[in-house]
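Asks: structure for this input, please:
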Amino acid sequence: MIMRPDHEPDGAFISKSVAQEAQELGQRVRDARRHQGMSQEELAFAADVSPRTVFAIEQGKPTVRFDMLARVLAAVGLQLSAEARDKVWIPREW
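Replies: Alright, predicted model coming up:
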């Protein structure tokens, strides 16, 4: 059985769900874009992605391709960083 990381069954822990993290990241992108006075279309052009991709990122869609996310982040002056979690999601069975 494969357990999804957005659920917390007995014995499997995460500090935040993937969906929550994607929503927070989307909000940061939206705030940075607005701070720079850019429309979604202007950001899409600057990042060489579709406006639909910018919309998906800002809405917190957790399945956006990494390369597209990285280009959008760079276009608004943001970057990803990896930090240790206080709890780790571990599948109990495959």
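
Asks: quick one: stretch 61-70 to chain centroid distance?
Replies: 7 Å (CA atoms, centre = their mean, to the nearest Å).

Asks: and Glu83, how far from Glu21?
Replies: 11 Å (CB to CB, to the nearest Å). From N, CA and C alone the C-beta is placed, and that goes for glycine too.

Asks: more neighbours, the two?
Replies: Taking other CB atoms under 10 Å, Glu83 and Glu21 do not tie; Glu21 has more neighbours (14 against 5).

Asks: what is the burial count for the closest residue to that one other than its chain neighbours?
Replies: Computed as CB to CB, 6 or more residues apart in numbering, the closest residue to Glu21 that is not its neighbour in sequence is Pro62, at 7.6 Å. When neighbours are defined as other CB under 10 Å, Pro62 has 16 of them.

Asks: and Pro62, its phi and psi?
Replies: phi -80, psi 0 (degrees, to the nearest 10).

Asks: from what I can see it touches Glu24, true?
Replies: No. In this structure Pro62 lies outside contact range of Glu24 using CB atoms under 8 Å: 11.1 Å.

Asks: give me the most central residue, the protein.
Replies: Nearest residue to the geometric centre of the chain (CA atoms, centre = their mean): Ala22, 3.4 Å.
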